[in-house]
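# let's see this in three dimensions:
(one chain, ligands or ions: 2)
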Amino acid sequence: MNININWYPGHMKKTTESIKTNLKLVDIVYELLDARIPYSSQNPSINTILGQKKKIVVLNKSDLADPYTNNRWKKYYNENGIDCVFLNSSIGDGIDELIDLTKKTIDKKIIKVMIVGIPNVGKSTLINRIANRKSTKTGNKPGITKSIQWINSNDGIYLLDTPGVLWPKFEEENVGLNLAFVGSIKDEILDTLTLSLKLIEKLNSINKMFLINRYSLNNYIEEPDVILENIALKRGCLLKGSILDLDKAANIIIDDFRKGLLGRISLESPKEV
Ligand SMILES: Nc1nc2c(ncn2[C@@H]2O[C@H](COP(=O)(O)OP(=O)(O)OP(=O)(O)O)[C@@H](O)[C@H]2O)c(=O)[nH]1
Ligand SMILES: [Mg+2]
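Ligands and ions are numbered 1, 2, ... in the order given. Purely as a prediction, here's the structure:
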């Protein structure tokens, strides 16, 4: 069961180029990572792209990640001398800490910040939080922001929103899968059924209770395809003639994971990377 994921359309290449050209206009960069996959959500070329520019690693969607694993990542970044802040941009948790750290790092009246990261990680949501208004469009699918734009906030911070970018080739199958699980790859290019089986496999390797609890699975079964059939049965996913609608069940489990309905789950912890 192989799944080969690659998504690097022309606009991402263009955006990466304009990130490079706009870099000289900003004082600092917020590198947004998904707290559930801090390793897979980091652009492997980011440090080369940023050069000597100051940056803060922002672990967004930390409300969806396991709190214990968040702490382990915090320790990991601290030990490596990397500034980091954990956020929930949806409700604004951690924003004050991020602004304080920014002002401590850049001693200027007006601070210009560029925000970069993978699609759907919450860049525009964070900008709207800091600016305290809905100044840039957000949405729960990748590819919402189409072009680079400046947004001003009241307290002397100028923010540069950028469209989400990935990179030409994922080094490992795992990286592409993790990005697809969290919703950073356009769903249209994904084979949802295979993706859901991979997700079931991954979740069960972390804690078998996530799926058992959510879908009241009474028997513990090893094989992902049998688990998917059981979820389809439990959720009444049926086609004409009482055939199981596995595609529907696949969408349910992927959606539930993305919304945090299976629990707060981290797919990567520092020991693995
Ligand atoms: N649970 C949770 N959801 C968040 C958080 N931040 C953003 N979101 C949601 O994630 C989705 C994507 O947010 P956007 O701000 O549009 O993401 P983006 O990085 O600007 O995406 P692109 O413009 O496509 O690159 C939206 O549905 C947000 O409501 C967070 O900290 N926690
Ligand atoms: Mg955006």
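# from here on, contacts and neighbour counts on C-alpha atoms
Fine.
# surely S18 forms part of a helix?
Yes. Per DSSP: H, G, I helix; E, B strand; the rest coil, S18 lies within a helix segment.
# flag the shaky bits of the chain, pLDDT-wise.
Residues of the chain that meet the criterion pLDDT under 70 lie in 1-2, 219, 272-273.
# interface residues of it facing ligand 1?
60-61, 63-64, 87-90, 119-125, 138-140, 142-145, 163-164 (Cα under 6 Å from any ligand atom).
# return a ChimeraX selection command for the buried portion of those residues.
The ChimeraX command for the buried members of the residues of the chain next to ligand 1 (criterion: 16 or more other Cα atoms under 10 Å) is given here:
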select :60,61,63,64,87,88,89,119,120,121,122,123,124,125,138,142,143,144,145,163,164
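# mind checking which of the residues of the chain next to ligand 1 are in strands?
Among these, the residues falling in strands (DSSP state E) are N60.
# what about the strands in the stretch 1-150 of the chain?
Under the criterion DSSP state E, counting those that start in this stretch, the stretch 1-150 of the chain contains strands at 28-34, 54-60, 84-86, 111-117, 149-152.
# which of those is buried the deepest?
Among the strands of the stretch 1-150 of the chain, ranked by average contacts under mean count of other Cα atoms under 10 Å, first place goes to strand 28-34 (a mean of 24).
# tell me if that one is near ligand 2.
No. Using Cα under 5 Å from the ion, we find that strand 28-34 stays clear of ligand 2, coming within 11.4 Å at best.
# same question for stretch 162-177.
No. Using Cα under 5 Å from the ion, stretch 162-177 never reaches ligand 2; the gap is at least 5.6 Å.
# got the CA positions of that stretch in PDB?
Provided in PDB are the C-alpha atoms of stretch 162-177 (Å, rounded to 0.1, in the frame of the first residue of the first chain):
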ATOM      1  CA  THR A 162       2.300  34.900   2.500                       C
ATOM      2  CA  PRO A 163       0.600  32.000   0.700                       C
ATOM      3  CA  GLY A 164       1.500  28.600   2.100                       C
ATOM      4  CA  VAL A 165       4.400  26.900   0.400                       C
ATOM      5  CA  LEU A 166       5.700  23.300   0.300                       C
ATOM      6  CA  TRP A 167       8.800  22.100  -1.400                       C
ATOM      7  CA  PRO A 168       9.500  20.200  -4.600                       C
ATOM      8  CA  LYS A 169      10.000  16.700  -3.200                       C
ATOM      9  CA  PHE A 170       9.300  15.100   0.200                       C
ATOM     10  CA  GLU A 171      12.400  13.200   1.400                       C
ATOM     11  CA  GLU A 172      10.300  10.500   3.100                       C
ATOM     12  CA  GLU A 173       6.900   9.100   2.500                       C
ATOM     13  CA  ASN A 174       6.100   9.900   6.100                       C
ATOM     14  CA  VAL A 175       6.500  13.600   5.500                       C
ATOM     15  CA  GLY A 176       4.000  13.700   2.700                       C
ATOM     16  CA  LEU A 177       1.600  11.600   4.700                       C
END
